[in-house]
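S.K.: Pasting a predicted model and its sequence here:
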Amino acid sequence: MPLIIAIAGASGSGKSLFTENLLKEFAQEGKSVQVLREDHYYRAQDHLPMEEREKNNYDHPRAFEHELLLEHLETLKRGEAIDYPSYCYKTHTRMKETQRLESAPVIIVEGIMLLASPELQPMYNVKIFVDTPLDICLLRRIMRDIAERGRTLESVAKQYEETVKPMYHQFIAPSRFTADVIITQGGENHIALDVLKSHIKQRLL
Ligand SMILES: Nc1ncnc2c1ncn2[C@@H]1O[C@H](COP(=O)(O)OP(=O)(O)O)[C@@H](O)[C@H]1O
Ligand SMILES: Nc1ccn([C@@H]2O[C@H](COP(=O)(O)O)[C@@H](O)[C@H]2O)c(=O)n1
């Protein structure tokens with residue numbers, strides 16, 4: 001049965017980079033791994049005008065369609081394929097295209113609310129929390145959101161004050177206590193990558 005690894009942490013903590021690095025480690029050994037991003041499960045908002053979409057709280061668990069993510073994890077765990085959704089941060093909604101994604105011996109799922117959602121917890125075999133100081137997360141987010149997600153400095157600052165930071169304290173920070181492993185130094189922690197790789201290899205034997 002596939003092993004499901006959840007990687008959670010604040011926005012900008014280094015979850016994606018850590019996931020990419022873990023993926024590279026497995027690819028080098030010819031191991032098949034699939035990655036799911038919780039962001040792809042943000043709810044579709046085609047029915048809402050853009051001003052409404054821009055005001056939404058994207059840092060609350062109910063912003064995600066966790067019911068669909070749960071169904072997809074169950075399907076992958078049975079060894080079956082899913083139709084993986086895609087998401088656009090600029091239009092704040094799902095894209096039409098889905099991608100057929102086959103199951104694999106290792107499934108990595110990465111996102112801010114993964115450990116804060118009790119209904120998803122039983123699905124995970126390994127729970128990881130990437131723990132990075134919030135000021136570093138904010139600096140990274142400013143750079144990324146302006147460069148890649150079509151945001152302005154003013155909009156990033158407003159969103160951070162109104163939702164990102166308070167929701168982090170309400171939902172994400174407490175969820176770190178449910179983790180099996182807490183990773184410091186973000187996506188480039190190579191000792192953590194090595195330890196995790198050995199653990200996963202042992203469990204796959
Ligand atoms: N340890 C690190 N050192 C330097 N830059 C990092 C580190 N971890 C992440 N980054 C960079 O910070 C930005 C945000 O990281 P990312 O992995 O996308 O965060 P998340 O997925 O948690 O939102 C990216 O540009 C990434 O390359
Ligand atoms: N339409 C959206 C959807 C999400 N966000 C922000 O993305 C963050 C989560 O993604 P990371 O890659 O940073 O983990 C989350 O904090 C949301 O605020 C958004 O701005 N707009």
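M.R.: Thanks, I have the structure now. Ligands and ions are numbered 1, 2, ... in the order given.

S.K.: can you list the residues of this protein near ligand 1?
M.R.: Proximity of the chain to ligand 1 (C-beta under 6 Å from any ligand atom) is limited to residues 9, 11-17, 140, 144, 185-188. Any C-beta I mention is one placed from the backbone N, CA and C, and that applies to glycine too.

S.K.: which of the residues you listed are buried?
M.R.: G9, S11, G12, S13, G14, K15, S16, R140, G186, G187 (16 or more other C-beta atoms under 10 Å).

S.K.: Filtering these by proximity to ligand 2, which remain?
M.R.: When contact is defined as C-beta under 6 Å from any ligand atom, those meet ligand 2 at S11, G12.

S.K.: now, which of the buried ones among the residues of the chain next to ligand 1 lie within strands?
M.R.: Among these, the ones falling in strands (DSSP state E) are G9.

S.K.: so which pair among the buried ones among the residues of the chain next to ligand 1 is furthest apart in space?
M.R.: S11 and G187 (13.3 Å; C-beta to C-beta).

S.K.: Rebuild the residues of the chain next to ligand 1 as JSON lines, extending it with distance to R203 and pLDDT.
M.R.: Output for these, formatted as JSON lines (distance: C-beta to C-beta, whole Å; pLDDT from 0 to 100):
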{"residue": "G9", "distance to R203": "22", "pLDDT": "97"}
{"residue": "S11", "distance to R203": "29", "pLDDT": "97"}
{"residue": "G12", "distance to R203": "30", "pLDDT": "96"}
{"residue": "S13", "distance to R203": "25", "pLDDT": "96"}
{"residue": "G14", "distance to R203": "24", "pLDDT": "93"}
{"residue": "K15", "distance to R203": "21", "pLDDT": "95"}
{"residue": "S16", "distance to R203": "23", "pLDDT": "94"}
{"residue": "L17", "distance to R203": "23", "pLDDT": "92"}
{"residue": "R140", "distance to R203": "31", "pLDDT": "95"}
{"residue": "R144", "distance to R203": "33", "pLDDT": "95"}
{"residue": "Q185", "distance to R203": "24", "pLDDT": "83"}
{"residue": "G186", "distance to R203": "24", "pLDDT": "82"}
{"residue": "G187", "distance to R203": "23", "pLDDT": "79"}
{"residue": "E188", "distance to R203": "24", "pLDDT": "84"}
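
S.K.: Can you add distance to P118 and give these back as JSON lines?
M.R.: Compiled in JSON lines, the residues of the chain next to ligand 1 are given as follows (distance: C-beta to C-beta, whole Å):
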{"residue": "G9", "distance to P118": "18"}
{"residue": "S11", "distance to P118": "21"}
{"residue": "G12", "distance to P118": "25"}
{"residue": "S13", "distance to P118": "21"}
{"residue": "G14", "distance to P118": "25"}
{"residue": "K15", "distance to P118": "20"}
{"residue": "S16", "distance to P118": "24"}
{"residue": "L17", "distance to P118": "27"}
{"residue": "R140", "distance to P118": "29"}
{"residue": "R144", "distance to P118": "29"}
{"residue": "Q185", "distance to P118": "29"}
{"residue": "G186", "distance to P118": "26"}
{"residue": "G187", "distance to P118": "27"}
{"residue": "E188", "distance to P118": "31"}
